[in-house]
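# Turn this into a structure:
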Amino acid sequence: MRASRLGRACLFVLAWTIAAAAAFAEPIDFSADSVQSSLAKDRERTVLSGNVKVRTGSISITADRVELFGKDFIYLQCSGSVKVEDSDRKIRLESPSLYYDRTRKLARAIGPSVLQDDKNKLVLKAEWIENDGENEITIAEIAVRIVKDKLACRAEYVLYRRKENTLELTGSPSVYKNGDNYEASRMIVNTETEDIALEGEVKGSVTSNTSSSKTAPPSQVPAPSATPPAATPSGATPPASAPSGSGGSSEGAAPAVPAAPSTPDGTGSGSTKGNGG
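Reported below is the predicted structural model:
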């Protein structure tokens, strides 16, 4: 009983200290079975372990382990059954390992991951997913699978512009709809109307005369757009490989940001506050 009270007291002191250091930023509420923390200047780092729950703004995160680091604790490295929910944007994300920048609302998931867009009733699966909540753009790479109603898409690289309701597929893309199959070098799918535009080496198989999906010839496909660069924290350079999520970064070092895969030929309780960069 005494140990439990002491643990809660330490967490309260930790939360108060961080909140006092960043009194004007968006708060972080958290709970966990255990906590380890260093509050040395320019080396602030807190590790939450066991049944971790974190909330910052509209974002809720649960995981086995969460490390908060960087100036004013704006970066989170999560591991072990990670689940993220954005209540404002109606998006959920599950992954074994996830990096989150709370100033940019940027999440990067590594490993077999699933993003569910409840607003647009779309499910996306891939080995690497980056979700830019600020610009509502999602990049997915490696064995990408997308399902929406009776529409199913496959590709090695997908750019999902949520505001524009479009999916841009490259890397051996294919789309299946009501028994019809379409393949091309590049494909654009409108997730609202389910219209499909094809470009380069087009082929397909139509099982009926009244396909519910419209296809556009190559001339009507918009020119390829530049892939949005993977956002990185201000002043930080992503390392060559993804972080292990186990902490141990050098003092004052830039946050460990997971590197993007290469693009296909066609890619107890407390309250804290941070400055948000």
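# In PDB, list the C-alpha atoms belonging to stretch 195-210.
Once non-C-alpha atoms are left out, stretch 195-210 reads as follows in PDB (Å, rounded to 0.1, in the frame of the first residue of the first chain):
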ATOM      1  CA  ASP A 195     -14.600   6.100 -60.500                       C
ATOM      2  CA  ILE A 196     -11.300   4.700 -61.700                       C
ATOM      3  CA  ALA A 197      -8.700   6.300 -64.000                       C
ATOM      4  CA  LEU A 198      -6.000   4.200 -65.600                       C
ATOM      5  CA  GLU A 199      -2.600   5.100 -67.100                       C
ATOM      6  CA  GLY A 200       0.100   3.000 -68.800                       C
ATOM      7  CA  GLU A 201      -0.100  -0.700 -69.800                       C
ATOM      8  CA  VAL A 202      -3.800  -0.800 -69.100                       C
ATOM      9  CA  LYS A 203      -5.600  -4.100 -69.000                       C
ATOM     10  CA  GLY A 204      -8.600  -5.600 -67.300                       C
ATOM     11  CA  SER A 205     -11.500  -8.000 -67.200                       C
ATOM     12  CA  VAL A 206     -15.100  -7.000 -67.100                       C
ATOM     13  CA  THR A 207     -17.800  -9.500 -66.200                       C
ATOM     14  CA  SER A 208     -20.900  -7.400 -67.000                       C
ATOM     15  CA  ASN A 209     -22.000  -4.800 -69.500                       C
ATOM     16  CA  THR A 210     -23.000  -2.400 -66.800                       C
END
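# Can you mark which positions in that stretch are buried?
The neighbour-count check on stretch 195-210 (16 or more other Cβ atoms under 10 Å) flags Ile196, Ala197, Leu198, Glu199 as buried. For the C-beta atoms, the positions are set from N, CA and C on the backbone; glycine is no exception.
# what bits of the stretch 151-277 of the chain have low per-residue confidence?
208-277 (pLDDT under 70).
# could you dump the buried residues of stretch 195-210 to TSV with secondary structure and distance to Val147?
As requested, the buried residues of stretch 195-210 are exported to TSV (DSSP: H, G, I helix; E, B strand; the rest coil; distance: Cβ to Cβ, whole Å):
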residue	secondary structure	distance to Val147
Ile196	strand	15
Ala197	strand	20
Leu198	strand	20
Glu199	strand	23
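# Just flag the most distant two among these.
Ile196 and Glu199 (10.9 Å; Cβ to Cβ).
# Mutual contacts of those two, please.
Met187, Ile188 (Cβ atoms under 8 Å, 6 or more residues apart in numbering).
# Could you check how many residues crowd around the residue lying closest to Leu122 once chain neighbours are set aside?
Leaving aside its sequence neighbours, Leu122 sits nearest to Lys148 (Cβ to Cβ, 6 or more residues apart in numbering; 4.5 Å). Close neighbours of Lys148, defined as other Cβ atoms under 10 Å, add up to 19.
# If anything else comes up later, I'll come back, but that's it for now.
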